[in-house]
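Chemist: Sequence first, predicted model second:
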Amino acid sequence: MFHFFQELENLINEAIHIQIKCLKELLQYEIQTTFDILDLKLQKKTLNLNAPIPFPLSISGQLGQDESLKINKARKAKKAKGKKESKD
């Protein structure tokens, strides 16, 4: 009878060990997934800050002087805003 209880205890200990191992692997996977998501969000934010402003085409297909000035000012403002946010 004692041998039966010893085997039962060994089985329970092995089951607990397997559960702990599985939970550890699951937790590591969840942590890695979280870091991957955060990394992708950071990459997206970085790309959005560095993305050039597209040139809108005028009817004639060329930019007028006023349009060029507006685009240049907007690009400089966006770049300054990006530098300010990265300092904070």
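Modeler: The structure has been received and is ready for your questions. Numbering: from 1, shown residues only.
Chemist: make it CA atoms for all contacts and neighbour counts henceforth
Modeler: Will do.
Chemist: Give me the neighbour count for Asp39.
Modeler: Neighbour count for Asp39, taken as other Cα atoms under 10 Å: 12.
Chemist: and if you look at Lys76?
Modeler: Neighbouring residues of Lys76 were enumerated by other Cα under 10 Å; the total is 12.
Chemist: wait, isn't Lys79 in contact with Asn48?
Modeler: No: with contact taken as Cα atoms under 8 Å, Lys79 and Asn48 are classed as non-touching, separated by 10.8 Å.
Chemist: Domain parsing of this structure, as residue ranges.
Modeler: As recorded under automatic domain parsing, the domains making up the chain are 1-51, 54-88.
Chemist: what would the ones you listed look like in a markdown table with mean pLDDT?
Modeler: Listed next are the domains of the chain as a markdown table, based on pLDDT from 0 to 100:
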| stretch | mean pLDDT |
| --- | --- |
| domain 1-51 | 94 |
| domain 54-88 | 65 |
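Chemist: Where do the helices of the protein begin and end?
Modeler: Assigned by DSSP state H, the chain shows helices spanning 2-50, 65-87.
Chemist: neighbour count winner among Lys79 and Asn48?
Modeler: Counted by other Cα under 10 Å, Lys79 and Asn48 do not tie: Lys79 has more neighbours, with 16 against 11.
Chemist: Sounds good, over and out.
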